[in-house]
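Peer 1: have a look at this fold, sequence not included:
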C-alpha cells in the first residue's frame, strides 16, 4: 500500500503500527535501526501522537508519521488486519506507580554527572537500539585546553562551531540544511537557554530563536528583567528537522556531544529547558513538562529549570501565564524582584 495513499480518516493507529512493524521486519539491519528509532519516537511517546495533551487530531498525527516514514525511505506499507483490542487490565492500587515529579534521588544523583548518558541509559530511556556516534577527537582535544577567560571561551566556541559545521552524522538533516545553527550569546553567561531544534528562519539565518517563537522569547526575556545578549542560547539539534518535526532519538544522540561541549565551555549556573524535547534529552527523563515546572533539577554544577516552549505558547495562549510563573521562580532565585 502506498504511504501517500493511506486512508488517514479511517486508518487506525493499531493497523498502521502493524504495517510499520512489517516494514521493520523486512528491512536490512541498517534500515531497521533507523526505522525502529522512528517507530519508537512516534508510538512510544504518546504526547507526540497528540493523544490528549497536544490536541492534535488522529488525522494529523498519522499524516506526520507517514511524512517521517517517507523521510527514512519507506514508500509502501503492507496491508495487515489488526487484531481485536484487549481491554486494559485493572491497575493494582497497591503496587502501581503514581505519576508525579522525578524522585528527589534523581535530582541529587542521576542528573549531576553533566556528561552524555551511557549507552545503557540511552537504551532504557529511548527504548530503541541507538547507535552512539564515535566521539570526535577534535572536540575532546578542544575541551582539554583551558578556557577560563572570556577570550578563551569565545575562541573555543568559535572552533567548536567550525567542527559542527562539518558534521554529517545525520544524513537526512545534513543533506537538507542551509547551514548549521550552533548557538549565540555571552560565552560567560550565567544562564543558558536550551531549545529543541532550528526552524525555517533559524536555518536561514544560522541563529537560534529568531522566528515567531524567538520574538516571543525576546519579550519573555525583557519581562524577566534579563537581556538576550547576557544569555547563551542553543538547541538540542543544530540542524533543522524536515517539516519542523521533533528530533529523533538518534539525531539527539548524534548532537549530544556538541551540546555537552557548549555547556562545558560556557559553564552556566542555570539552564532553562524550553519544552519537553529539551528537558527529556538533557535530563534523560520522560516526565511531562507540567510535572517538572517550578523546581530546579541538577545537571553538573548547573541548576535546570523546565518550562514550555515559546512555540507552544503561540498555539496555547493560556500557557503564557504558566511560563511567566516559571520565569518569576527563576527571577527570585537570581535575586530579581518579579513584577
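Peer 2: Received, thanks. Please read these numbers as outputs of a predicted model, since none were measured by experiment. Numbers count the residues shown, from 1 in each chain.
Peer 1: doesn't residue 136 make contact with residue 254?
Peer 2: No: using C-beta atoms under 8 Å as the test, residue 254 is too far from residue 136 to be in contact (10.7 Å). C-beta coordinates here come from the backbone N, C-alpha and C atoms, glycine included.
Peer 1: the two: which is more packed in?
Peer 2: residue 254 (24 against 18; other C-beta atoms under 10 Å).
Peer 1: that one - that's part of a helix, no?
Peer 2: Yes: judged by DSSP: H, G, I helix; E, B strand; the rest coil, residue 254 forms part of a helix.
Peer 1: tell me the pLDDT of it.
Peer 2: At residue 254, the model reports a pLDDT of 98.
Peer 1: residue contacts, it?
Peer 2: Contacts for residue 254 (C-beta atoms under 8 Å, 6 or more residues apart in numbering) come out as 133, 167, 169, 170.
Peer 1: in which helix or strand does the third one reside?
Peer 2: Going back to what we said before, that points to residue 169. When secondary structure is defined by DSSP states H and E, residue 169 falls outside every helix and strand.
Peer 1: number of residues surrounding it?
Peer 2: One way to gauge burial is a neighbour count; for residue 169, by other C-beta under 10 Å, it gives 18.
Peer 1: I figured residue 240 hits residue 200, correct?
Peer 2: Yes: judged on C-beta under 8 Å, residue 240 makes contact with residue 200 at a distance of 7.0 Å.
Peer 1: which of the two has more neighbours?
Peer 2: Taking other C-beta under 10 Å, residue 240 and residue 200 do not tie; residue 240 has more neighbours (24 against 12).
Peer 1: list the contacts of the more buried one.
Peer 2: 173, 176, 177, 178, 181, 197, 198, 199, 200, 202, 203.
Peer 1: that one in helix, strand or coil?
Peer 2: Following three-state DSSP, residue 240 is assigned to coil.
Peer 1: ranges for the strands of the stretch 151-300 of the chain?
Peer 2: Taking DSSP state E, counting those that start in this stretch, the strands of the stretch 151-300 of the chain run over residues 184-185, 191-195, 232-235, 270-274, 296-299.
Peer 1: listing partners with orientation, what would you give for the last one?
Peer 2: Going back to what we said before, that points to strand 296-299. strand 302-307 (antiparallel) (DSSP bridges).
Peer 1: mean pLDDT per helix and strand in this structure: which one sits at the bottom?
Peer 2: helix 104-105 (a mean of 32; mean pLDDT, DSSP states H and E).
Peer 1: check what pLDDT residue 281 gets.
Peer 2: What the model reports for residue 281 is a pLDDT of 97.
Peer 1: over to residue 338?
Peer 2: For residue 338, the predicted pLDDT is 76.
Peer 1: number the chain from 22, please
Peer 2: Renumbered: residue one is now 22, and that last one reads residue 359.
Peer 1: low pLDDT regions in the stretch 22-171 of the chain?
Peer 2: 22-149 (pLDDT under 70).
Peer 1: hmm, back to that, and residue 326, which of the strands of the stretch 172-321 of the chain is closest to it?
Peer 2: strand 291-295 (5.0 Å; C-beta to C-beta).
Peer 1: the closest one relative to strand 323-328, how many degrees between them?
Peer 2: Interaxial angle of strand 291-295 relative to strand 323-328 (axes from the mean of the first three to the mean of the last three C-alpha atoms, to 10 degrees): 30 degrees.
Peer 1: tilt between strand 291-295 and strand 212-216?
Peer 2: Going by the same axes, to 10 degrees, strand 291-295 makes 20 degrees with strand 212-216.
Peer 1: so how many other residues sit close to residue 277?
Peer 2: For residue 277, the neighbour count with other C-beta under 10 Å is 20.
Peer 1: now do it against residue 346, distance only.
Peer 2: To residue 346, residue 277 is 30 Å away according to C-beta to C-beta, to the nearest Å.
Peer 1: which one of the contacts of residue 275 is nearest residue 179?
Peer 2: residue 188 (15.6 Å).
Peer 1: quick check: the closest one vs residue 160, distance?
Peer 2: From residue 188 across to residue 160, the span is 10 Å (C-beta to C-beta).
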